[in-house]
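S.K.: here is my input, please return the structure:
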Amino acid sequence: MADDADAALLRRNIGAVRFCNAWPPEALAALRPGTEVIRLSRGQTLVARNQAMNGLYGVIAGALEVRLGRLSSRSQVRMLARSGEAFGFIGVFGGYSSPHTYIAKEPSIVLRFSKAGLLKVLHRYPELWLGVVREMASHQVITLAAAEADNLAGVRVRMIRTLLSLAESRGRRAADEVELGITQDSLGAMLLVSRQSVNTELRWLKERGVLTTGYRHIRLTSIRKLSALLAEYLAP
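M.R.: Below you'll find the model as predicted:
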């Protein structure tokens, strides 16, 4: 019965994904056999950062949080993938793994279009490439806007984000603490700010009990508290 329900849902909603919503019925019918219906509960991970993306994903119900990394904190949310939006173009057309983690913000339904099935349809109907390219261009605009917003954020916000990213990518995690293995000079170079600005922000964070500093090292003492601080700054 579940398979029948998924097949019916697929027939009704495959055209709801924006990149293919103007496709003719015969093209949508050809796309269906290689498409999977995925139901997600709130908080469930669909794709993790650095995971291979061998298909294109389209949201048809609910919304997914697009997070900067694998950290569980919602302060790492970069944007939302909402109903009608697709993602995974870089995996299908570039062979890259996912740069983000996608987690259901609420109960959601996602369609996974297989790479082989999608490319087969586009080969058969080359005129449909334009809609795909337009959707990819839309993603590029959104990504650049998010990057611009990051660059315009204050030094404190950028520092917290950088520290959290370092905790994930370089640190040696031990419970809620991690040694970053980076100097204050290096941190300043990453943020393009002066040593004085780095010292000011690190002192502020030390006063809040989230890190300690020493000779050529920075140690986070509470990733959870640091994530909460970022969430406070990003709250509307």
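
S.K.: pLDDT on the host helix or strand of Asp6, on average?
M.R.: Using DSSP states H and E, Asp6 falls within helix 2-13. Averaged across helix 2-13, pLDDT comes to 85.

S.K.: what helices and strands are in contact with it?
M.R.: If contacts are counted by 3 or more CB pairs under 8 Å, 6 or more residues apart in numbering; DSSP states H and E, helix 2-13 sits against strand 35-40, strand 108-114. Just so you know, the C-beta spots here come from the backbone N, C-alpha and C atoms, and that holds for glycine as well.

S.K.: after the least confident helix or strand in the chain by mean pLDDT, next one along is what?
M.R.: Lowest by mean pLDDT, DSSP states H and E among the helices and strands of the chain is strand 172-174, with a mean of 49. Following the chain from strand 172-174 toward its C-terminal end, the next helix or strand by DSSP H and E is strand 177-179.

S.K.: quick check: which helices or strands does the following helix or strand past that next one pack against?
M.R.: Sequence-wise, the next helix or strand downstream of strand 177-179 (DSSP H and E) is helix 184-191. Judged by 3+ CB pairs under 8 Å, 6+ apart, helix 184-191 is in contact with helix 155-169, helix 195-207.

S.K.: run the chain-centre distance for helix 184-191.
M.R.: In this view, helix 184-191 has its centroid 25 Å away from the chain centroid, taken as CA atoms, centre = their mean, to the nearest Å.

S.K.: residues making contact with that helix?
M.R.: Residues outside helix 184-191 that contact it (CB atoms under 8 Å, 6 or more residues apart in numbering): 155, 158-159, 162, 194-195, 197-199, 202, 213, 218.

S.K.: I'm done for today, thanks for sticking with me.
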